[in-house]
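1. I would like to see how this sequence folds:
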Amino acid sequence: MQLPDKVILITGASSGIGKACAQRLYQEGARIVVNYRNDASAANALVDSFGADRAIAVQADASNINDIERLVQATVDKFGRIDTIVANAGLMLMRDVEDTTEDDFAKSFDLNVKGPYFLAQKAVPHMPPGSHVIFISTGVCHHSSVSPKYLLYAATKGAIEQMTRVMAKGLAAKGIIVNAVAPGPTATELFYKGKPEGLVNTIKAWSPFNRLGEPEDIANTVKFLASGDSSWVVGQTVLVNGGIMV
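-> Numbering: from 1, shown residues only. Have a look, this model is predicted:
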């Protein structure tokens, strides 16, 4: 096991990529904090599968600073420290410049940018040297053909990638390593929602492997970035997309 007894806090961990990360990191010996916003049953079921000695579920709105502080404190109260944060919770509103409301903008930046920013701020005092901050970006930021409706989402994830670059320089002084993962199309419930089969097949064909990514593909990369094997990978956005964006 590469992560024995490491304490890993994952936002939005009750489903999709966050859940896959929790399961993969648990397999490597980590102790897991499963953050969720609404789905208590899924979060508690995940914790039950891990065991109460190695996992805890914490309800918190990952866009709200007071909730973030409570989430961090619950982690420290349970496990005494934080070795890795995975800022996975996110919102993808399909909006172009003409369709975006002020409320859309605020909600998207609050969850996708403000939340990860202040999660790092609140967690850092409890993170020993050798700890990791892992942000989640998107392959949309690297695709040469992007629908205008991805504008708002891409803007938030562009901010994440710049945070990764600059925060990595600052936190290196504390021995904390910062990176990001940018998934391509990934077979989650969120991805499939509203997409007809023909569109899904077209997106599969974008990859030379003719398939979508699986949440486990992303989780394997997060596992690498949370381990000591990635100690010289700093300030990078790692694209995980099966060759769609190269």
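
2. give me the number of residues near residue 211?
-> 14 (other Cβ atoms under 10 Å). Every residue, glycine included, has its C-beta placed from N, CA and C.

3. does it touch residue 241 like I think?
-> No - here residue 211 does not reach residue 241: they are 11.3 Å apart, not a contact under Cβ atoms under 8 Å.

4. distance of the residue lying closest to residue 188 once chain neighbours are set aside relative to residue 4?
-> The shortest distance from residue 188 to any non-neighbouring residue, by Cβ to Cβ, 6 or more residues apart in numbering, is to residue 16 (4.0 Å). To residue 4, residue 16 is 26 Å away according to Cβ to Cβ, to the nearest Å.

5. residue 166 now?
-> 32 Å.

6. buried ones in stretch 30-45, by neighbour count?
-> Within stretch 30-45, the residues that count as buried by 16 or more other Cβ atoms under 10 Å are 30, 31, 32, 33, 34, 35, 36, 37, 42, 43.

7. parallel or antiparallel, list what pairs with the helix or strand hosting the third one.
-> In this assignment (DSSP states H and E), residue 32 forms part of strand 31-36. Paired with strand 31-36 in the same sheet, following DSSP bridges, are strand 7-10 (parallel), strand 55-59 (parallel).

8. got the contact list for it?
-> Taking contacts as Cβ atoms under 8 Å, 6 or more residues apart in numbering, the residues outside strand 31-36 that touch it are 5-14, 22, 25-26, 42-43, 46-47, 50, 54-60, 62, 71, 74-75, 78-79, 89.

9. now with 6 Å, please.
-> 7-9, 11, 13-14, 22, 26, 43, 46-47, 54-60, 71, 75, 79 (Cβ atoms under 6 Å, 6 or more residues apart in numbering).

10. got it, and stretch 184-198?
-> 16, 139, 203, 212, 213, 214, 241, 244.

11. switch to 8 Å and redo it
-> Against stretch 184-198 from outside (Cβ under 8 Å, 6+ apart): 15-17, 92, 139, 200, 203-204, 206-207, 212-215, 217-218, 239-242, 244-245.

12. so which bits of it are buried?
-> 184, 185, 186, 187, 188, 191.

13. so which of residue 16 and residue 4 has more stuff around it?
-> Higher neighbour count among residue 16 and residue 4: residue 16, with 19 against 9, using other Cβ under 10 Å.

14. mind listing what the more buried one touches?
-> Contacts of residue 16 (Cβ under 8 Å, 6+ apart): 186, 188, 189, 190, 215.

15. in the chain, what residue spans correspond to helices?
-> Applying DSSP state H to the chain gives helices spanning 16-27, 40-50, 65-79, 102-109, 115-123, 151-171, 189-192, 197-205, 215-226.
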